[in-house]
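Quick one, fold the following:
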Amino acid sequence: MPATAIDSFNNISSKSHEYVNVVENVAVKFLQSAFENEHINAIEDDRYNHVITRIQSRFKNSLTPNEILAFEFHPAGHSLAYSRIDGSITIWPSIQATFIPGKMIHIKDACGTDKLVTSISWNPNEITQLITSCNSDELDIWEYDELNLKASKVRSISVDHKTKLNNALFDPTGEYILAITKSDSIYLFSAKDDYRLLHTIKLKSIMSSDTLYSVTWDSSGSNIFLGTKNGSIIAMSINKENNEMFKVLEVTAHRFSVTCLKIDPLGRYLFSGSKDGSCSIWELRTLICIKEISGLESNILSMDICHLGKMLGLCLEDERVCFCDVTTGKIIYESSLSGSNSEPLLRFFPDKTMFILSGKNDTLEKHFYGSGKLSLLSVLSTESRKNGDSKGHSKGISKKSSKKSNTDREKSQGPRSTRPNRKSRFLASKRR
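Below you'll find the model as predicted:
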């Protein structure tokens, strides 16, 4: 390789490394700011009011645990909903960047007495519609009225008697609804054709493990990923001609149960967490593990990723929440949630770099950067400009020479090489 090409390659590598460092430093700066007291706002729902009343009361009424079971933002970021162990659902119809006290909808005993709402999923094509499961043979469709702060059940979807559906998910395009049981079947419904049942598949026909622990759609609504008790990840696809599901690929991912799965919002990666404390990053096109996040040393209960695809948040059984840089796989920040007395919960806003974290006594808190109006993207842009300007001034580089350098660099790089396709590239596999 000519010396000029080597110098150019080293220069590009150096710049790339510098950019990665800038991104990581900005992420750490954001997290440090987000955990400062002035950047934490309590979400004043019914639970919060109960906690405050107890603290201020001379006679301290009883305060029973009431942790959150399911929590989901609408994909557009307009609203959110969560369920608690008391059987209730709370809907915030219009959150934007704030939670206005009293501007919420509370549904008591949403699925009837002594039933818990185990999952919530929003229809991406309808701002006011969501679906819930409650470990029974029915799924419920809800719609809310933002003006009158009321919600009503508009439809129930039934399957075989004695079937216990514990999870239901709209696909990202709003075409399908996937419903699953832990150890029996997967059901596929049409979300656009009167919730008609399209296909059913028995779990024992696609997996050797007897229990399903986690599930997620890809961003196209064509592929489904399943996490099993024995540590495997199963990739499923949907034949668009007959709307039937079929198994494409199975990989051994972890030594113990795959407790959570998450898709990168940019469609690049699949993230998996396990009961053994391991976390893996998989290239979505090939389902090849490209990175392992080490040092967690505790069961991973849940995970979420910011809307920019830069930070991965992990909730651990030992009452810690860890944040990792997706590019490097390093843990860049962690915080203890000891004293919360319930499973930790973390969710990033889908359209801005803020997140919601569980607080003490099953309350919720919003964490944000600075004034709450700045996003990580704006901070990153500012820091990148500062970084670039400082380096340019220190070396005395003019705009003209900088522009010429960029042109030379592009010429030296030449055309980009492409990776050869692998046989295991399941997204390119034929639909049968």
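
Now Lys204: closest residue in space that isn't a chain neighbour?
Setting aside the residues directly before and after it, Lys204 is nearest to Asp210 in space (C-beta to C-beta, 6 or more residues apart in numbering), at 7.8 Å. (Glycine included, C-beta is placed from N, CA and C.)

and that neighbour, that one's in a strand?
No - judged by DSSP: H, G, I helix; E, B strand; the rest coil, Asp210 forms no part of a strand; its state is coil.

Okay, now the unreliable bits of the stretch 51-200 of the chain?
53-63, 96-97 (pLDDT under 70).

hey, where'd the strands end up in the stretch 251-400 of the chain?
For the stretch 251-400 of the chain, the strands defined by DSSP state E, counting those that start in this stretch cover 258-263, 269-274, 279-283, 288-293, 300-305, 311-316, 320-325, 331-336, 346-348, 355-358, 364-367.

Throw those strands into CSV and include mean pLDDT, thanks.
Formatted as CSV, those follow (pLDDT from 0 to 100):
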stretch, mean pLDDT
strand 258-263, 97
strand 269-274, 97
strand 279-283, 97
strand 288-293, 95
strand 300-305, 96
strand 311-316, 96
strand 320-325, 95
strand 331-336, 93
strand 346-348, 94
strand 355-358, 91
strand 364-367, 92
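
just to revisit the earlier point, can you give me the neighbour number for the residue nearest to Lys204?
13 (other C-beta atoms under 10 Å).

likewise Asn166?
Asn166 has 16 nearby residues by other C-beta under 10 Å.

what's the answer for Ser338, then?
Neighbour tally, Ser338, other C-beta under 10 Å: 11.

For Asn341, see how far away the residue nearest to it when sequence neighbours are not counted is.
Distances taken as C-beta to C-beta, 6+ apart place Glu319 nearest to Ser338, at 4.8 Å, with adjacent residues excluded. Distance of Glu319 to Asn341, given as C-beta to C-beta, to the nearest Å: 9 Å.

Could you verify my assumption that Glu44 touches Lys103?
No - using C-beta atoms under 8 Å, Glu44 is not in contact with Lys103, being 9.9 Å away.

quick one: which of the two has more around it?
Glu44 (17 against 14).

ok, the nearest residue to the more buried one once chain neighbours are set aside to Phe71 distance?
Nearest non-adjacent residue to Glu44, counting by C-beta to C-beta, 6+ apart: Pro101, 4.3 Å away. Going from Pro101 to Phe71 by C-beta to C-beta gives 19 Å.

These two: which is more packed in?
Between Pro101 and Phe71, Phe71 has the larger neighbour count (other C-beta under 10 Å), namely 20 against 12.

Wasn't the more buried one part of a strand?
Yes - counting by three-state DSSP, one finds Phe71 located in a strand.

Name whatever forms a beta bridge with the residue most central in space within the chain.
Nearest residue to the geometric centre of the chain (C-alpha atoms, centre = their mean): Asp304, 3.4 Å. Beta-bridge pairing for Asp304 (DSSP bridges): Gly313.

how about the strands of the stretch 251-400 of the chain, which one is nearest Ser185?
Closest to Ser185 of the strands of the stretch 251-400 of the chain is strand 258-263 (C-beta to C-beta; 19.0 Å).

how big is the angle separating the closest one from strand 269-274?
170 degrees (axes from the mean of the first three to the mean of the last three C-alpha atoms, to 10 degrees).

strands paired with strand 258-263, and their directions?
Sheet pairing for strand 258-263, using DSSP bridges, gives strand 269-274 (antiparallel).

Any chance you could list what contacts the strand it pairs with?
216, 218, 225, 227, 231, 233, 253-264, 279-284, 287, 290, 299-300, 302-303, 305, 309, 312, 314, 326 (C-beta atoms under 8 Å, 6 or more residues apart in numbering).

go again using 7 Å as the cut-off
225, 227, 231, 233, 253-254, 256-263, 279-284, 300, 303, 305, 312, 314 (C-beta atoms under 7 Å, 6 or more residues apart in numbering).

Also stretch 140-159?
91, 93-94, 105, 107, 111, 128-132, 137-139, 165, 187, 189, 195.

Stretch 172-184 now?
Applying C-beta under 7 Å, 6+ apart, the set of residues contacting stretch 172-184 is 123-125, 131, 133, 139, 163-171, 186-192, 203, 210-212, 215, 217, 219, 221, 224.

ok so, going back, so the residue nearest to the centre of the chain touches Gly313, yeah?
Yes - if you go by C-beta atoms under 7 Å, Asp304 and Gly313 touch, sitting 5.1 Å apart.

so what sits against both of the two?
346, 348.

Helix, strand or coil: sort out Ser220 for me.
coil.

May I have the distance across stretch 344-356, first residue to last?
Stretch 344-356 has an end-to-end distance of 11 Å (C-alpha to C-alpha, to the nearest Å).

So which of Glu319 and Asn341 has more stuff around it?
Legend: neighbour count by other C-beta under 10 Å for Glu319 and Asn341, higher for Glu319 (18 against 12).

got the contact list for the more buried one?
Neighbours of Glu319 in contact, by C-beta under 7 Å, 6+ apart: 336-338, 340, 344.

Could you single out the nearest of the residues you listed to Arg84?
Ser340 (14.3 Å).
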